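[1] Requesting a structural model of the entry that follows:
(6 chains)
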4 protein chains.
Amino acid sequence: MTRTAGSHGPTTSLAIQEAGLRLIYEHGYEAMSLRQLAAEVGLQSASLYNHIKTKQDLLFKLIHNHMITLLEQTDAALSVATGNAEHKLRRFIHHHLTYHMAKKQEVFVANFELRGLDSRNYKTIISLRRDYESRLIAILDQGVAERSFDLTDTHVSAYAMLAMLTGACTWYKPHGRLSEEDVVELHTRMLLDGCLRHMDRNS
Amino acid sequence: MTRTAGSHGPTTSLAIQEAGLRLIYEHGYEAMSLRQLAAEVGLQSASLYNHIKTKQDLLFKLIHNHMITLLEQTDAALSVATGNAEHKLRRFIHHHLTYHMAKKQEVFVANFELRGLDSRNYKTIISLRRDYESRLIAILDQGVAERSFDLTDTHVSAYAMLAMLTGACTWYKPHGRLSEEDVVELHTRMLLDGCLRHMDRNS
Amino acid sequence: MTRTAGSHGPTTSLAIQEAGLRLIYEHGYEAMSLRQLAAEVGLQSASLYNHIKTKQDLLFKLIHNHMITLLEQTDAALSVATGNAEHKLRRFIHHHLTYHMAKKQEVFVANFELRGLDSRNYKTIISLRRDYESRLIAILDQGVAERSFDLTDTHVSAYAMLAMLTGACTWYKPHGRLSEEDVVELHTRMLLDGCLRHMDRNS
Amino acid sequence: MTRTAGSHGPTTSLAIQEAGLRLIYEHGYEAMSLRQLAAEVGLQSASLYNHIKTKQDLLFKLIHNHMITLLEQTDAALSVATGNAEHKLRRFIHHHLTYHMAKKQEVFVANFELRGLDSRNYKTIISLRRDYESRLIAILDQGVAERSFDLTDTHVSAYAMLAMLTGACTWYKPHGRLSEEDVVELHTRMLLDGCLRHMDRNS
DNA sequence: GATGAATGAGCCTTCATTCAT
DNA sequence: CATGAATGAAGGCTCATTCAT
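    Down below sits the predicted model:
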């Protein structure tokens, strides 16, 4: 459990993952070369193969780890949200945004580098992504059942919301005009208003 | 003397652009090879160079053409929208969605293959994209000025809306559960409700 | 025989030869592309083939023409030189240098681009070159027979002299420190002194 | 642990340099393909890149090494030549010819493939070449100062001499009519007679 | 004569990966 | 664990040349 000082066991592997994530984020999976990655962590490219199986496997593991963590943390965040759908939706939005803004690179790679996955890996990730979407769909379904949400199609609404929320991590710059809380507040308002049943519903 | 119909006027160039667009959409710019593209249009790869300057130039022209057309058509669509911001926003949403669902590939490429552009071309496109965003921001600003929209930050709201709207072209499948009109209707409702000033505003 | 005014018949062909010579001189035969040459004379590269047979043939004709002219003019120059070998050698040196300095590009190409010739053409040119060398060798032989020249091997001496004389066209810059006459004078002195029988011959 | 004799230490790199030199000598830099070179040393062309940086770099290193060695050995040869200019010039001619006849290929490449160098490399080599020329010029200057040489322009005389001497390596064939010593003897005589002050100086 | 389009061969170089050391 | 050297496939691109118009 305790790590003997000086034994820098998994250090290199970690460095590879971190540099790999960054380089894929910056250049794209196809455009990143393993030479580049190796140079970044001070190795020859041949040495990478002591730590990764293939380039494809590196991409897959990065995305897979992200998806697993995202699902776990989302479930943890939602588990404390009891009661009505509106409350749950607020928590979901809050968690999604804070997590995504904190893990900008992981999110970007996991969303826009799926094309680099071979078909087996692609299916695995898509399945996890569907799991994640189902969390939000469930909340929307609950809201509709409770008659507090007014949505014609909860699946499509969920996709639309996720597009907006995930998009935030693309353009959000820390230290910009808005704080993280501002962004959360703004999205919560827009999306909740877009869901909640209003008296003055417009055609 | 007379040019036989179908004769090889600009046909080949067009075929290259169409196949290029599709292949970039399917595989990504980096992953598409010019040999592949040439095969697709029945040429040797060397022959492509009678029609394109470089691979980079092909990508740029595809995106550039798209952006120019998008801007023109958006302005045309908005020019008939007079009066209040709500009306204009409805037209913007309607046009954005129908145009984007019709030009799925162009939109995808223009949004997610910018990384493939060299820095000069990148700047050109980003500038056009900003022009497009400014159309929506102007509408939101007008709505706020008219006190019909309740938005804390029109720039960020615009980005959020565009993320949602553009996202639609990613997952929308024609002939699916929802018609194009359904999708337009659904987004219009969500986004307008997220903008309009309500009596029962929630924190 | 007379060329009708306005009929610019061989103009293009001439332009191609001139530009070709210059480009081969500047970049080398292998490194010069026919596109480049075509551009230089305001044509598409396909159009060159109305004037030349192949790239190889262009090179050959340039060198061949040069060799033929060189031989003719040399013979003309020597025909007025009668009498002793020293006199003939002076004329040879004078003619070689003035001709070579005037036709710098032709000379350079004819001497250093032989590698670009295919073997048939190569043999033709080498044979002409040998003809030229034989003019000088004959003069040296005469000088030795007359006992005015002191040379152990007239062939090798001829090669050595030609190397020096031809080398001049490589580094000679008009408008430099030395005039053409200076260069001729200097070489004449060096080479004649290297030939003529001296009292004080050193081992 | 012990390195087996002949094991693949620097052997491959050396083989590449040797084959590269020979192929450039035979076909010219532009005309030599790396595939050819690779085949010559029994490799795939990709494998060359474990030993050379680029084709350009191979050319540069070949020429650069040659120039450095030439300068060093020339200085070594001249360092034992003390006393008058005639003695030094004899040594210079002797060394230049024997070295150049021994390294025919290097000399040829270093003199006639400069056009293949990019401008940065070109400047470096030209500078070294000027260093070499300056050795000879210094000797001629000394001779003129000593009043044993009669030269109107030592720079131009040096160029002329070097053209003759270097030219020798172009046409000299070992096992031909003349031995190396014959060639040295012949050139020494011609060039010295062309320098030395004579009683019977001709106009 | 000139052209645009096509071709097939070939260019230098980079790539992910393997393997003996 | 790390390396240098090797590989085969593939990359974008240029070339000289041809041919119908």
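[2] in the helix ranked longest in chain A, what counts as buried?
    Secondary structure of chain A read by DSSP state H shows that its longest helix is helix A:119-145. Buried positions in helix A:119-145, judged by neighbour count with 16 or more other CB atoms under 10 Å in any protein chain shown: A:121, A:125, A:128-129, A:132, A:135-144. From N, CA and C alone the C-beta is placed, and that goes for glycine too.
[3] Could you do stretch A:93-113 as well?
    A:93-101, A:103-113.
[4] and it, how far apart are its ends?
    24 Å (CA to CA, to the nearest Å).
[5] how far away is the residue nearest to the spatial centre of chain A from A:Ala168?
    Residue closest to the mean C-alpha point of chain A, counted by CA atoms, centre = their mean, is A:Val107 at 4.1 Å. According to CB to CB, to the nearest Å, A:Val107 stands 10 Å off from A:Ala168.
[6] Mind listing the shared neighbours of those two?
    Residues touching both A:Val107 and A:Ala168 (CB atoms under 8 Å, 6 or more residues apart in numbering or on different chains): A:His100.
[7] what's the burial count for A:Gly176?
    11 (other CB atoms under 10 Å in any protein chain shown).
[8] If you count contacts, what does the longest helix of chain A end up packed against?
    helix A:55-79, helix A:85-102, helix A:154-171 (3 or more CB pairs under 8 Å, 6 or more residues apart in numbering or on different chains; DSSP states H and E).
[9] what does the helix or strand containing A:Ile16 rub up against?
    Assigned by DSSP states H and E, A:Ile16 belongs to helix A:11-27. If you take CB under 8 Å, 6+ apart as the criterion, helix A:11-27 is touched by A:32, A:36-37, A:40-41, A:43, A:48, A:51-52, A:58-59, A:61-62, A:104-106, A:108-109, A:113, B:115.
[10] buried residues in that helix?
    A:12, A:15-17, A:19-21, A:23-25.
[11] where does chain A come near DNA strand E, residue by residue?
    A:32-36, A:45-46, A:49, A:54-56 (CB under 7 Å from any atom of the strand).
[12] can I get those residues in CSV with pLDDT, neighbour count and distance to C:Gly176?
    CSV is the format used below for the residues of chain A next to DNA strand E (pLDDT from 0 to 100; neighbours: other CB atoms under 10 Å in any protein chain shown; distance: CB to CB, whole Å):
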residue, pLDDT, neighbour count, distance to C:Gly176
A:Met32, 96, 24, 55
A:Ser33, 97, 13, 51
A:Leu34, 98, 19, 56
A:Arg35, 97, 11, 50
A:Gln36, 96, 15, 51
A:Ser45, 97, 13, 54
A:Ala46, 97, 9, 57
A:Tyr49, 97, 11, 62
A:Thr54, 97, 12, 64
A:Lys55, 98, 18, 60
A:Gln56, 98, 15, 65
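[13] Just send these back as JSON lines, with secondary structure too.
    Putting the residues of chain A next to DNA strand E into JSON lines (DSSP: H, G, I helix; E, B strand; the rest coil) gives the following:
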{"residue": "A:Met32", "secondary structure": "coil"}
{"residue": "A:Ser33", "secondary structure": "coil"}
{"residue": "A:Leu34", "secondary structure": "helix"}
{"residue": "A:Arg35", "secondary structure": "helix"}
{"residue": "A:Gln36", "secondary structure": "helix"}
{"residue": "A:Ser45", "secondary structure": "helix"}
{"residue": "A:Ala46", "secondary structure": "helix"}
{"residue": "A:Tyr49", "secondary structure": "coil"}
{"residue": "A:Thr54", "secondary structure": "coil"}
{"residue": "A:Lys55", "secondary structure": "helix"}
{"residue": "A:Gln56", "secondary structure": "helix"}
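[14] For DNA strand F, state which of the residues you listed is nearest.
    Comparing the residues of chain A next to DNA strand E against DNA strand F with CB to the nearest atom of the strand places A:Ala46 closest, at 2.9 Å.
[15] quick one: low-confidence parts of chain A?
    Scanning chain A for pLDDT under 70 picks out A:1-9, A:81, A:198-203.
[16] got the residues of chain A near chain C?
    By CB under 8 Å from any CB of the partner chain, no part of chain A sits against chain C.
[17] Any idea how far apart the tips of stretch A:18-37 sit?
    End to end - CA to CA - stretch A:18-37 spans 10 Å.
[18] Briefly note if it comes near DNA strand F.
    No - using CB under 7 Å from any atom of the strand, stretch A:18-37 stays clear of DNA strand F, coming no nearer than 9.5 Å.
[19] How far does that stretch sit from its chain's centre?
    18 Å (CA atoms, centre = their mean, to the nearest Å).
[20] State the distance from the residue nearest to A:Arg135 when sequence neighbours are not counted to A:Leu128.
    Once flanking residues are discounted, A:Arg135 sits nearest to A:Thr74: 5.8 Å by CB to CB, 6 or more residues apart in numbering or on different chains. Separation of A:Thr74 from A:Leu128 (CB to CB): 11 Å.
[21] try A:Leu151
    Relative to A:Leu128, and taking CB to CB, A:Leu151 is found at 25 Å.
[22] what's the answer for A:Asn121, then?
    Relative to A:Leu128, and taking CB to CB, A:Asn121 is found at 11 Å.
[23] and what of A:Leu48?
    26 Å.
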